[in-house]
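Visitor: Sequence first, then the predicted structure, then my questions.
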Amino acid sequence: MMAFEKKEIVSATQLVRQFSNFLTELTNRKLNKIAIIRNNEMQAVVLPIDEYENLVLRASLSNQKSIKDFFGSIDKDEANQMEAALSECRKVDENEW
């Protein structure tokens, strides 16, 4: 389980009542994350959008399979060409092209 500082743990009621303040603290990086508790149990975590996007990107990159996993009958050169083409497409998707 991830560690949270005391100031990062809030009740659902407290979050609702002070949402704007918590959102400002996340946006200004005074808080890195907020754990929301309800009935004395952690229910959710709120993250700044850039942190969430980084987590999603890292997860998708770690789960990527090789082209050969999808097209087992192609040879190594064809697989390399397809991977290179996909890499170029990802650059467009990630605005790096």
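Guide: Okay, I see it. As the structure is a prediction and not an experimental result, all values here were calculated from the model.

Visitor: mind exporting the helix or strand harbouring Glu83 as PDB, just the C-alpha atoms?
Guide: Mapping Glu83 onto the secondary structure by DSSP states H and E places it in helix 76-93. Taking only C-alpha atoms (Å, rounded to 0.1, in the frame of the first residue of the first chain), the coordinates of helix 76-93 have been written out as PDB:
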ATOM      1  CA  LYS A  76      11.500 -11.000 -37.900                       C
ATOM      2  CA  ASP A  77      12.200  -8.400 -40.600                       C
ATOM      3  CA  GLU A  78       8.500  -7.900 -41.200                       C
ATOM      4  CA  ALA A  79       7.800  -7.600 -37.500                       C
ATOM      5  CA  ASN A  80      10.600  -5.000 -37.200                       C
ATOM      6  CA  GLN A  81       9.200  -3.000 -40.000                       C
ATOM      7  CA  MET A  82       5.700  -3.000 -38.500                       C
ATOM      8  CA  GLU A  83       7.100  -2.000 -35.100                       C
ATOM      9  CA  ALA A  84       9.000   0.900 -36.700                       C
ATOM     10  CA  ALA A  85       5.800   2.000 -38.400                       C
ATOM     11  CA  LEU A  86       3.800   1.800 -35.200                       C
ATOM     12  CA  SER A  87       6.500   3.800 -33.400                       C
ATOM     13  CA  GLU A  88       6.000   6.600 -35.900                       C
ATOM     14  CA  CYS A  89       2.300   6.400 -35.400                       C
ATOM     15  CA  ARG A  90       2.700   6.700 -31.600                       C
ATOM     16  CA  LYS A  91       4.800   9.800 -32.200                       C
ATOM     17  CA  VAL A  92       1.900  11.400 -33.900                       C
ATOM     18  CA  ASP A  93      -0.400  10.400 -31.100                       C
END
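
Visitor: pLDDT on it, on average?
Guide: In this model, helix 76-93 has a mean pLDDT of 74.

Visitor: Run through the neighbouring helices and strands of that helix.
Guide: Under the contact definition 3 or more Cβ pairs under 8 Å, 6 or more residues apart in numbering; DSSP states H and E, helix 76-93 sits against helix 67-70. From N, CA and C alone the C-beta is placed, and that goes for glycine too.
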